[in-house]
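**Q** all I have is the shape, not the residue letters:
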C-alpha cells in the first residue's frame, strides 16, 4: 500500500470519527491506558477513535474505511477485535492489500475484516477460561460467520484461522468503550 494512500485514509478516518490528537496528559492520567503503536488507548473511546491514533494500525484503519466499517466499529457493540498490525498486513503476498482496498473487492475485504471480530467483550482472562473449559481449545464464532480456534501456548493466546494459519496475541486487553482489542501479529483468513 502506498504511503500516500495510508496517510489519506488515516486523515479521512480521523475526520469521520472526530479523532485528532492523542488526547491530553490529564486524560491519560485519569484513565488506565495501554500504549499501542506509540499512542495511549483510552477506555472511554471507541475502537475506531483509538485505532486511528496507533501508528502500528494505519493499514487496518485504511482497510476498515475502505470496507465501510467505520460506523459499525464506532457503534455500541460490544466487540472483541483481533487487530492485525501493519507488520501483519506486510506478511501477506505483495499487492494483496492494494488489491483488497479497491472498491470492486469490498465484499472480500469486509469478509476478512469481520473475521477478526467476535460479538461481545472477551478479555484475555475470558479467552483463557474458554480455552480451559474446551480442553485446550476454544471455538470463537466471528461476525463474518466463520470460526477461530483459540489456544494457549507458552503463556500466549494463539488463534488458528479457517485456513490453518496461526496468529499470536501480542498485546491483550486494550479496553474500549465499545469492547476490547487484542493486537495480533498475523492477518486471520476465513475459509
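**A** Good, I have the coordinates. The shown structure was predicted, so the numbers you read here are calculated from the model rather than taken from an experiment.
**Q** the lengthiest strand in the chain - contacts with which helices or strands?
**A** In the chain, with assignment by DSSP state E, the single longest strand is strand 166-176. For strand 166-176, the elements it packs on are strand 34-36, strand 39-41, helix 47-51, strand 79-84, helix 124-133, strand 156-160, strand 179-184, judged by 3 or more Cβ pairs under 8 Å, 6 or more residues apart in numbering; DSSP states H and E. (Glycine included, C-beta is placed from N, CA and C.)
**Q** tell me the centre residue of this protein?
**A** residue 83 (2.1 Å; Cα atoms, centre = their mean).
**Q** now the chain, which segments are flagged as low pLDDT?
**A** For the chain, applying pLDDT under 70 flags the ranges 1-29.
**Q** mind listing what's buried in stretch 79-94?
**A** 79-86, 88-89, 92 (16 or more other Cβ atoms under 10 Å).
**Q** pretty sure residue 131 contacts residue 149?
**A** No. With contact defined as Cβ atoms under 8 Å, residue 131 does not count as touching residue 149 (9.4 Å).
**Q** common neighbours of these two, please.
**A** Here residue 131 and residue 149 have 137-138 as joint contacts, going by Cβ atoms under 8 Å, 6 or more residues apart in numbering.
**Q** which SS state does residue 62 fall under?
**A** helix (DSSP: H, G, I helix; E, B strand; the rest coil).
**Q** that one against residue 101, yeah?
**A** Yes. Using Cβ under 8 Å, residue 62 is in contact with residue 101, at 6.5 Å.
**Q** which residue of those two possesses the greater neighbour count?
**A** residue 62 (23 against 19; other Cβ atoms under 10 Å).
**Q** residue 112: neighbour count?
**A** Other residues close to residue 112 by other Cβ under 10 Å number 22.
**Q** run through the residues that contact it.
**A** Residues counted as contacts of residue 112 (Cβ under 8 Å, 6+ apart) are 100, 144, 187-190.
**Q** adding neighbour count, write these out as JSON lines.
**A** JSON lines is the format used below for the contacts of residue 112 (neighbours: other Cβ atoms under 10 Å):
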{"residue": "100", "neighbour count": "20"}
{"residue": "144", "neighbour count": "19"}
{"residue": "187", "neighbour count": "25"}
{"residue": "188", "neighbour count": "24"}
{"residue": "189", "neighbour count": "16"}
{"residue": "190", "neighbour count": "18"}
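**Q** the residues you listed in helices, which ones?
**A** Among the contacts of residue 112, the residues falling in helices (DSSP state H) are residue 100.
**Q** mind giving me CSV with the contacts of residue 112 and columns for distance to residue 110?
**A** Output for the contacts of residue 112, formatted as CSV (distance: Cβ to Cβ, whole Å):
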residue, distance to residue 110
100, 10
144, 8
187, 14
188, 14
189, 14
190, 11
